[in-house]
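Peer 1: here are the coordinates; sequence isn't available:
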């Protein structure tokens, strides 16, 4: 099966600081690849290059075989890339349903209706997405009053409104209770595998990573130090030295 995302030899420097150096990866349809590493490892810089917010100094990003290196974020969104953020980004004063309707308007190139989405956009598609993420019962509530875990689900529905081939998730469980983290990642994995959506995610909760990632790529100071199946990465001496520790803190042996 051809990879949805293929990244080859990405580099990015800021002045004299090499933030990313030689990152290569691929993600297949329905696969979850975790990008992990200590703070400052280059994870966010990688995401921003893949999403078009930063242009690589060198390297290639291909989506379903098409070169997208240096494309603007809007153009990348149009090609089927959804993204969620560490800090949720919703319209607080608008309802859950309206937030998803806005995303559908963008996907359908109908932003001229932006000031009246409820009147002009059939809510059925938005409700179907909310059903998919377990938020239909809260469709009428303003996003500003939701619990943080529920906001994460709304943000997932917004990303899915684009019918993405690739989903980029920046610390999807940050700020959530342990039980909410498990539930959200189980939901995401089920949707991705069922729909054939490739998922690249960053995460600091190693329980989440090792429970849900099909493969893991580890960065340290912008450079890949390990990549492979979770058991192999967990056992890698260098990964344990720079990130996982001895196992006492994280509970791994």
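Peer 2: Done, it's in. Predicted model, so just to flag it, every value in this text is computed and none were measured. Numbers count the residues shown, from 1 in each chain.

Peer 1: tell me the buried residues in stretch 208-222?
Peer 2: Using 16 or more other Cβ atoms under 10 Å as the test for burial, stretch 208-222 gives 208-210, 212-222. Where C-beta positions appear, they are placed from N, C-alpha and C, glycine not excepted.

Peer 1: looking at those residues, which are in strands?
Peer 2: 215, 216, 217, 218, 219, 220 (DSSP state E).

Peer 1: measure the second one to residue 158 for me?
Peer 2: Residue 216 is 26 Å from residue 158, where distance means Cβ to Cβ, to the nearest Å.

Peer 1: residues near the nearest residue to residue 144 once chain neighbours are set aside, how many?
Peer 2: Nearest residue to residue 144 in three dimensions, chain neighbours excluded: residue 92, at 3.4 Å (Cβ to Cβ, 6 or more residues apart in numbering). Using other Cβ atoms under 10 Å, residue 92 has 12 neighbouring residues.

Peer 1: verify the stated contact: residue 92 with residue 146.
Peer 2: No. Here residue 92 does not reach residue 146: they are 9.1 Å apart, not a contact under Cβ atoms under 8 Å.

Peer 1: out of the buried residues of stretch 208-222, who's nearest residue 242?
Peer 2: Nearest to residue 242 among the buried residues of stretch 208-222, counting by Cβ to Cβ, is residue 220 at 4.9 Å.

Peer 1: so how far is residue 241 from the closest one?
Peer 2: 9 Å.

Peer 1: so for residue 91, what's the pLDDT?
Peer 2: For residue 91, the pLDDT comes out at 86.

Peer 1: apologies, that question was intended for residue 44.
Peer 2: The model's pLDDT for residue 44 equals 91.

Peer 1: again, but for the one 10 residues further on
Peer 2: The model reports residue 54 with a pLDDT of 95.

Peer 1: from here on, count from 771
Peer 2: All set: I'll call the first residue 771, so the last point we hit is now residue 824.

Peer 1: residue boundaries of the strands in the stretch 771-920 of the chain?
Peer 2: 775-784, 787-797, 802-806, 828-833, 836-837, 851-854 (DSSP state E, counting those that start in this stretch).

Peer 1: strands paired with the first one, and their directions?
Peer 2: When pairs are called by DSSP bridges, strand 775-784 turns out to pair with strand 787-797 (antiparallel), strand 828-833 (antiparallel).

Peer 1: of those strands, which is nearest residue 971?
Peer 2: Per Cβ to Cβ, nearest to residue 971 of the strands paired with strand 775-784: strand 787-797, 10.0 Å.

Peer 1: residues contacting that closest one, please?
Peer 2: 773-783, 803, 805, 812, 815-816, 819, 826, 829, 936, 968-970, 987, 989, 991-994, 997 (Cβ atoms under 8 Å, 6 or more residues apart in numbering).

Peer 1: just stretch 934-942 next, same as before
Peer 2: 774-775, 797, 799, 814, 817, 820-821, 833-834, 849-856, 922, 926, 929-930, 954-955, 958, 962, 966-974.

Peer 1: buried subset of these as a PyMOL selection?
Peer 2: With 16+ other Cβ under 10 Å as the burial test, the buried ones among the contacts of stretch 934-942 are selected in PyMOL as follows:
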select buried, resi 774+775+797+799+814+817+820+821+833+834+850+851+852+853+854+855+856+922+926+929+930+954+955+958+962+967+968+969+970+971+972+973+974
